[in-house]
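Visitor: Below are the sequence and a predicted model; questions follow.
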Amino acid sequence: MQPGPKNLITDVEGLRVGHAQDARLRSGCTVLVGERPFAAAVNVMGGAPGTRETDLLAPDRLVQEVDALVLSGGSAFGLDACSGVADGLRAMGRGFAVGDQRVPIVPGAILFDLLNGGDKGWQRNPYADLGLAALQAAAAEFALGTAGAGYGALTGRWKGGLGSASAVLDSGITVGALVAVNALGSATIGEGPGFWAHPFELGREFGGLGGQGAHDPSLEPEPMKRMGEATTIAIVATDARLTQAECQRMATAAQDGMARALVPSHTPLDGDLVFAAATGARVMADPLRDRFQIGHAAAACLARAIARAIYLARPLPGDRQPAWSAVHGQAGSAD
């Protein structure tokens, strides 16, 4: 297993990612869109999720493909980012055909960042505009760290952020992950600098620090968040040809990556959720072996993406929490 050329989810050919954020609002959103509709599914393991159109991702539903997936800040208000994306896709002529109408299918999930110090006194919900702007910005290259849905994120210890990673399997199949980390738990071992995800690191993508840091549960900080204020939301994707049921299995396997990279994870206070996407560009030569490897790679990529989100988050004036890079003296590099 090795990272793809960009070490981003967009190493899965045919996928693009766009961000939009508002520094005054201290929030933003992120959109994953395909060149064409793609198979998708979801797995929810947190106790406080906020979602839109996830019911239609079950394998027995009429619609088997989606046009885009959205990750957003803003709590329930952030679900309106999906409306902005849907409006933009409809204007492009995209969507599920119903007579002479096109209905874009845009599931989404949100995290809670309403108490992070930003100006939330809006008169009109800003997230639809952010969603449209993120769609219009979608590209193969995109920023990590303090960007998009992770712009205003916090965690149990460090400033949160937006992360991504990819892997190319020996079969040639590509797997990638995209995540906004706003967890109750911490991505580092104690005060760090090492990350819980260090066994899965490829190269020095989050510092090459190994397991540095002592974990003493008695020294864990008191949670800074209250009921419903957390959540890590993610997307894992592959170019393999998967059914919706197989996508759901990939999403389920990827939750292991979240548990490896954030301690604790999947708590009653988090809305932890993983979408899965499959473009279907590559036929599996050995379906049983390939499905097994895709699930493992999805979990490993998600763990790596979570660590990269924290590693690359940058300090900004007014932060409620320290950025990892500010404390540990590393500027953070995507290498």
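Guide: That came in fine, so what should we check first?
Visitor: which residues of the stretch 151-300 of the chain score low on pLDDT?
Guide: Across the stretch 151-300 of the chain, the ranges flagged by pLDDT under 70 are 214-228.
Visitor: rerun at 50
Guide: 218-219, 221, 227 (pLDDT under 50).
Visitor: Would you map the strands across it?
Guide: Under the criterion DSSP state E, counting those that start in this stretch, the stretch 151-300 of the chain contains strands at 161-168, 174-181, 232-240, 273-282.
Visitor: out of those, deepest packed?
Guide: Neighbour counts (mean count of other CB atoms under 10 Å) averaged over each of these peak at strand 174-181, with a mean of 32. C-betas here are computed from N, CA, C, even on glycine.
Visitor: does residue 315 count as helix, strand or coil?
Guide: coil (DSSP: H, G, I helix; E, B strand; the rest coil).
Visitor: Could you report the distance from it to residue 328?
Guide: 12 Å (CB to CB, to the nearest Å).
Visitor: ok, those two, which is more surrounded?
Guide: More crowded of residue 315 and residue 328, by other CB atoms under 10 Å: residue 328, with 19 against 15.
Visitor: ok, now which ones touch that one?
Guide: 192-193 (CB atoms under 8 Å, 6 or more residues apart in numbering).
Visitor: With residue 49 instead?
Guide: 109, 231, 271-273.
Visitor: And the pLDDT at it?
Guide: Residue 49 is assigned a predicted lDDT (pLDDT) of 88.
Visitor: can you pull out the helices in the stretch 151-300 of the chain?
Guide: Remark: helices assigned in the stretch 151-300 of the chain by DSSP state H, counting those that start in this stretch are 244-261, 287-312.
Visitor: Would you tell me which one of those is buried the most?
Guide: When the helices of the stretch 151-300 of the chain are compared using mean count of other CB under 10 Å, helix 287-312 is most buried, at a mean of 25.
Visitor: Now do that one against strand 232-240, angle only.
Guide: Using axes from the mean of the first three to the mean of the last three CA atoms, to 10 degrees, the direction of helix 287-312 lies 140 degrees away from that of strand 232-240.
Visitor: any idea how far helix 287-312 is from the chain center?
Guide: 12 Å (CA atoms, centre = their mean, to the nearest Å).
Visitor: Show me what it is packed against.
Guide: strand 161-168, strand 174-181, strand 232-240, helix 244-261, helix 324-328 (3 or more CB pairs under 8 Å, 6 or more residues apart in numbering; DSSP states H and E).
Visitor: Using a markdown table, lay out those together with distance to residue 142.
Guide: Listed next are these as a markdown table, based on distance: least, CB to CB, whole Å:
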| stretch | distance to residue 142 |
| --- | --- |
| strand 161-168 | 8 |
| strand 174-181 | 9 |
| strand 232-240 | 13 |
| helix 244-261 | 20 |
| helix 324-328 | 19 |
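Visitor: Residue 66 is nearest to which of those?
Guide: helix 244-261 (10.0 Å; CB to CB).
Visitor: Kindly export that closest one (C-alpha atoms) in CSV.
Guide: What follows is helix 244-261, C-alpha atoms only, in CSV (Å, rounded to 0.1, in the frame of the first residue of the first chain):
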residue,chain,number,x,y,z
GLN,A,244,-24.5,0.1,-2.7
ALA,A,245,-24.4,-2.8,-0.2
GLU,A,246,-20.6,-3.1,-0.7
CYS,A,247,-20.2,0.6,-0.2
GLN,A,248,-22.0,0.3,3.1
ARG,A,249,-19.5,-2.4,4.2
MET,A,250,-16.6,-0.1,3.2
ALA,A,251,-18.1,2.7,5.3
THR,A,252,-18.5,0.2,8.3
ALA,A,253,-14.9,-0.9,8.0
ALA,A,254,-13.7,2.7,7.8
GLN,A,255,-15.2,3.4,11.2
ASP,A,256,-12.3,1.3,12.6
GLY,A,257,-9.9,4.0,11.3
MET,A,258,-11.8,6.6,13.4
ALA,A,259,-11.5,4.5,16.5
ARG,A,260,-7.8,4.0,15.9
ALA,A,261,-7.1,7.7,15.4
